[in-house]
Every structure is written in structure tokens, then in C-alpha cells.
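> any chance you can model this:
(one chain, ligands or ions: 1)
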Amino acid sequence: MFNDDDDDNNNNNKILNTQTNSKCRLCQQFDETIDHIISACPMLAKEQYIQRHDTVCAQLHFNIRKETAVQVDKKHSYEHVPKSVETTQGGKVTVLWKRTVQTDRTIPNNKPDIHHNEKETCLLIDVAISGDINVIKKEAEKILKYKNLTM
Ligand SMILES: [Zn+2]
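This is a model prediction of the structure:
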């Protein structure tokens, strides 16, 4: 991602007391901190963050299928390409991938990453990958986002 093997520029300035530019080498807008690189750089948000998010979701989907006895077709999780709908042989468990949750009224946010149905219970999973500083905020955002789907 970066050509420089040094730690981030912001740390070089603060710890080593050097006079390098503290701005992010990709976006040139914000200080190049660990949190910025991990989850807040607008240049990485366009592609790399989305790719990371989808990889985490696919891994999670693979593990859920394995745990719930939905037939696993690939040996390795990195080969796994989630199908839209998958069900156990007896039909007790259904795992939906990026599908709209059917409701009797219009709800703006009703498409979680993974939707796990077992008996009378539905588990909605919507992945967020954030820096440590934003974990609580992201969790609250997700709960609020899907509040209308809870019963
Ligand atoms: Zn940046």
C-alpha cells in the first residue's frame, strides 16, 4: 500500500520528532494515524475497505454454515463464495446472504449481510470493521439501523 517501510508519518513526527509531513500519503487530507489507515481513509474506502468487509462476511458465512450443518461445498473458507439462500437438509436452518428481509411494511434498512433462520429465531448479522476508537459507535449505529426489524 505504501512505498515507505517506515512506520506511519504521524508517529515519526511525534515519537522521533522528525519534520516529515504528517498527512496521509494516499489522501493527503488527514493525519496518517493507525486508525485513519485501518478505517477512515477516503482513498481506501472506495475499494480496499469494501473488499475487506466482503472477505470477512464470506468467512463468517462459511463458519456459520459449518456450525449449522448446512452442507459445505468447499474445504477452505477462502474458496467460499456464498450462495443467496442455503438450507439444511431437514430445512431447520436457512442462511441468507445479502437478501432483503421480507416484512409486512416498508423498512428502509432491511438488508443485512447475513440472515440466519432457525426455528422461530432470526439472527441478523451486519459486519462493520472499524478502528478500536469507533467500535462502540459502530455497534450502536448497526443496532439503530436494524431496530425496525426487531420484535
Ligand atoms: Zn488517507
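> burial count for residue 62?
19 (other C-beta atoms under 10 Å). Heads up, the C-betas are built off the backbone N, CA and C, glycines and all.
> do the same with residue 67
By the measure other C-beta under 10 Å, the count of residues near residue 67 is 10.
> check the one 3 residues further on too.
Counted with other C-beta under 10 Å, residues neighbouring residue 70 total 20.
> strands paired with whatever helix or strand residue 94 lives in, and their directions?
Per DSSP states H and E, residue 94 falls inside strand 93-97. Using DSSP bridges, the strands paired with strand 93-97 are strand 85-87 (antiparallel), strand 114-118 (antiparallel).
> chain center to it, what's the gap?
18 Å (C-alpha atoms, centre = their mean, to the nearest Å).
> identify all contacting residues around that strand.
Contacting residues not belonging to strand 93-97 are listed as 61, 64-65, 68-70, 82-88, 113-118 [C-beta atoms under 8 Å, 6 or more residues apart in numbering].
> skipping adjacent residues, who's closest to residue 56 in space?
In space, and not counting its chain neighbours, residue 56 is closest to residue 127: 5.4 Å by C-beta to C-beta, 6 or more residues apart in numbering.
> drop anything exposed from the contacts of strand 93-97.
61, 64-65, 70, 82, 86, 113-117 (16 or more other C-beta atoms under 10 Å).
> grab the nearest non-local neighbour of residue 114.
Using C-beta to C-beta, 6+ apart, the closest residue to residue 114 is residue 125 (4.1 Å).
> what's the answer for residue 141, then?
residue 128 (7.5 Å).
> which parts of the protein sit against the ion?
Within the chain, the positions near the ion by C-beta under 5 Å from the ion are 24, 26-27, 41.
> buried subset of these?
In terms of neighbour count (16+ other C-beta under 10 Å), the buried residues within the residues of the chain next to the ion are 24, 26, 41.
> give the contact list for the last one.
In this case it means residue 41. Counting by C-beta under 8 Å, 6+ apart, residue 41 touches 24, 26-27, 30.
> report the two of these separated the most.
26 and 30 (9.9 Å; C-beta to C-beta).
> returning to what we had before: pLDDT score for the residue nearest to residue 114?
The per-residue pLDDT reported for residue 125 equals 93.
> neighbours around it, how many?
Neighbours around residue 125, by other C-beta under 10 Å: 16.
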